[in-house]
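Undergrad: from the sequence below, what's the structure:
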Amino acid sequence: MTVVSSNLTRPRELSRRAGAMPGSAIREIMALAATRPDVIHLEVGEPDFGTPEHIITAAFEAVRAGATKYTGNAGRPQLRERIAARVRERTRQSVAAEQVIVTVGAIGALYTALMSVLDAGDEVLIPDPGSRQSDRRRVSGRDRRRDRRPGGAHWRSHRER
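TA: Predicted structure coming up:
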């Protein structure tokens, strides 16, 4: 695979790291499902209905009112307050807006949550099959994980630990 370099004079080969990244199994499933009319799509967490009209209207109104800039890293204060209020209402727990962080998706939320509680050397169990994000970290050289599956080179039973 090639990409065009920034000076647009010649194609440039992808790095070995990028070329070694595995394809997304979810995208493969989506492509296969697209060929079948009777499939209910659950693979990427998207609903099987369109965006409700009141949300579309609110989004257009917000853009017309100038809400087109980046937000703070934790999300818009008004949204964080409304989320905190809803959690308080539903759980009867004391939750402040400052305790709420809004992300653009589940992967960002999981990454933020894990990075806030994990330190170098901590071990995390990642289900397999699971997120391809773990493969990306291993390919990038940032993952020092060892194969601890039964029979793997670094596997030890709980009695041997």
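Undergrad: which of the three states applies to Val12?
TA: Quick fix: residue 12 is Arg, not Val. What DSSP: H, G, I helix; E, B strand; the rest coil gives for Arg12 is strand.
Undergrad: buried residues in the helix or strand that contains Arg90?
TA: According to DSSP states H and E, Arg90 maps onto helix 77-91. Across helix 77-91, burial judged by 16 or more other Cβ atoms under 10 Å covers 80, 83-84. Any C-beta I mention is one placed from the backbone N, CA and C, and that applies to glycine too.
Undergrad: repeat for stretch 93-100
TA: Buried, per 16+ other Cβ under 10 Å, within stretch 93-100: 95, 97, 100.
Undergrad: one more: stretch 14-23?
TA: Under 16+ other Cβ under 10 Å, stretch 14-23 has no buried positions.
Undergrad: rewinding a little: out of the buried residues of stretch 93-100, which comes closest to Leu114?
TA: Comparing the buried residues of stretch 93-100 against Leu114 with Cβ to Cβ places Val100 closest, at 17.4 Å.
Undergrad: could I get the average pLDDT for the helix holding Arg90?
TA: Across helix 77-91, the average pLDDT comes to 96.
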